[in-house]
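Peer 1: quick one, what's the 3D model for this:
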Amino acid sequence: MKIVVIGGTGLIGSKLVTKLGEHGHEAVPAAPNTGVNTLTGEGVAEVLKGASVVIDVSNSPSFEEAAVMEFFTTSTRNLLAAEAEAGVVHHVALSVVGTERPPGNAYFRAKIAQEKLIEESSIPFSLVHATQFFEFVRRIADEATDGDQVRMAPVLFQPMAGEDVAQAVGKVSVGTPLNGRVEVGGPEQFRMDEFFRKTLANWGDPREVVTDPHAHYFGAEVLERSLVPNDGATLGQIRYRDWADRNDSGK
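Peer 2: Numbering: from 1, shown residues only. Sure, this is the predicted structure:
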C-alpha cells in the first residue's frame with residue numbers, strides 16, 4: 001500500500017517512514033526538501049498518485065498567530081483537494097491533546113481550524129491527538145524562561161517519546177478510518193513544575209524553576225488537565241528517564 005507521509009523527513013515523519021517500510025508498505029516521505037510543499041501546492045498532486053493513505057505530520061515553521069493559522073489552513077485545503085483528485089481513502093493527521101480545551105493558544109486554535117477542515121471533507125479520516133514529545137522538553141523550558149527563572153504551572157504533564165508517537169500514528173494509518181480522534185500519551189504523569197525542576201537539575205542547568213499557577217504555556221495559561229489525555233487513551237511504552245539516559249544530555 002502506498003502511504004504518503006507529509007512532513008516525512010522530520011522528527012515523527014522520518015520514524016513513520018521507517019516503521020511503515022519495515023511492515024512492507026511503500027512509505028513516501030513528502031516535504032519541501034523532497035520537492036513537495038503543501039503550502040504552495042508544489043509537487044503535491046504528483047506525489048499522491050496511486051496513494052491510498054496520506055499521513056500529515058507536518059508542522060508550521062512559525063508559531064506566530066497569523067503564520068501558524070495560514071500554514072495549517074492553507075496546507076490542509078491544498079492537501080485535501082489533491083487527495084480527492086487522487087482517490088485517497090484515508091487521511092490521518094497528527095494533532096495535540098488539549099486543542100479543544102480552554103484556554104487555548106494561537107497554535108491550538110490553528111490546529112482546531114485544521115481539524116475542522118478535515119472533518120468537513122469528503123475523505124475518511126483519523127485524528128491522532130498526542131501529548132508533548134520528550135524531544136521538545138528543552139524548548140518548553142526555554143519558552144517559559146524569564147531571566148534566570150523558568151516559570152511553570154503546577155498542572156499535570158504527560159509527555160511521550162517521538163518513537164511512541166510514530167508507532168501510534170502508524171498503527172492508526174493502516175487501520176479503518178476512525179472518522180474521529182484517538183488520544184495518545186506517555187506512560188507516566190507528572191506535575192509540570194516538579195518535572196522541570198528535576199529535569200533541569202539533572203541537566204546541571206542553573207535556572208530556577210518557579211511554581212506559578214498563572215504561568216503561560218506558549219502564550220496561554222493552562223488548567224489542571226489541559227495537557228493530559230482523558231481516561232482510555234493509548235499510552236506509550238518509553239519512560240522519560242530511560243529516553244533521557246539515551247538521548248538527552250541537556251546541552
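Peer 1: for the record, mean pLDDT for stretch 204-211?
Peer 2: Across stretch 204-211, the average pLDDT comes to 96.
Peer 1: residues of that stretch that come out buried?
Peer 2: Residues 205, 207, 209 are the ones in stretch 204-211 that count as buried (16 or more other C-beta atoms under 10 Å). C-beta: built from backbone N, CA, C; applies to glycine.
Peer 1: the last one - nearest residue in space that isn't next to it in sequence?
Peer 2: Once flanking residues are discounted, residue 209 sits nearest to residue 197: 4.1 Å by C-beta to C-beta, 6 or more residues apart in numbering.
Peer 1: can I get the helix or strand containing the one you found in PDB, CA atoms only?
Peer 2: Residue 197 is part of helix 192-203, with elements assigned from DSSP states H and E. Extracted in PDB, the C-alpha atoms of helix 192-203 (Å, rounded to 0.1, in the frame of the first residue of the first chain):
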ATOM      1  CA  MET A 192       4.700  20.100  35.300                       C
ATOM      2  CA  ASP A 193       6.700  22.300  37.700                       C
ATOM      3  CA  GLU A 194       8.200  19.300  39.500                       C
ATOM      4  CA  PHE A 195       9.100  17.500  36.300                       C
ATOM      5  CA  PHE A 196      11.000  20.600  35.000                       C
ATOM      6  CA  ARG A 197      12.700  21.200  38.400                       C
ATOM      7  CA  LYS A 198      14.100  17.700  38.400                       C
ATOM      8  CA  THR A 199      14.900  17.700  34.700                       C
ATOM      9  CA  LEU A 200      16.900  20.900  34.800                       C
ATOM     10  CA  ALA A 201      18.700  19.700  37.900                       C
ATOM     11  CA  ASN A 202      19.700  16.500  36.000                       C
ATOM     12  CA  TRP A 203      21.000  18.700  33.200                       C
END
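Peer 1: what's the burial count for the residue nearest to residue 209?
Peer 2: 18 (other C-beta atoms under 10 Å).
Peer 1: hmm, residue 160 and residue 238 touching each other?
Peer 2: Yes: the pair residue 238 / residue 160 is scored as a contact, 7.4 Å apart, by C-beta atoms under 8 Å.
Peer 1: what about the two, which has more around it?
Peer 2: Taking other C-beta under 10 Å, residue 238 and residue 160 do not tie; residue 160 has more neighbours (30 against 18).
Peer 1: and that one, what pLDDT?
Peer 2: For residue 160, pLDDT reads 98.
Peer 1: surely it and residue 184 touch.
Peer 2: Yes: the pair residue 160 / residue 184 is scored as a contact, 6.8 Å apart, by C-beta under 8 Å.
Peer 1: list residues touching both of the two?
Peer 2: 130, 131, 236 (C-beta atoms under 8 Å, 6 or more residues apart in numbering).
Peer 1: residues contacting the last one?
Peer 2: For residue 236, the set of contacting residues under the criterion of C-beta under 8 Å, 6+ apart consists of 160, 161, 163, 164, 165, 167, 168, 184, 185, 186, 187.
Peer 1: return the subset of these lying in strands.
Peer 2: Among the contacts of residue 236, DSSP state E puts 184, 185 in strands.
Peer 1: compare the contacts of residue 236 and tell me which is most surrounded.
Peer 2: Top of the contacts of residue 236 by neighbour count (other C-beta under 10 Å): residue 160, with 30 neighbours.
Peer 1: now the helices for the stretch 51-200 of the chain?
Peer 2: Remark: helices assigned in the stretch 51-200 of the chain by DSSP state H, counting those that start in this stretch are 65-86, 106-120, 137-143, 162-173, 192-203.
Peer 1: mind putting those helices into TSV with distance to residue 59?
Peer 2: Formatted as TSV, these follow (distance: least, C-beta to C-beta, whole Å):
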stretch	distance to residue 59
helix 65-86	8
helix 106-120	10
helix 137-143	12
helix 162-173	12
helix 192-203	22
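Peer 1: closest one to residue 229 among those helices?
Peer 2: helix 162-173 (11.3 Å; C-beta to C-beta).
Peer 1: contacts for that closest one?
Peer 2: 3, 11-12, 15-16, 19-20, 23, 53, 55, 57, 90, 92, 94, 126, 128, 130, 133-135, 178, 182, 184, 186, 234, 236-238.
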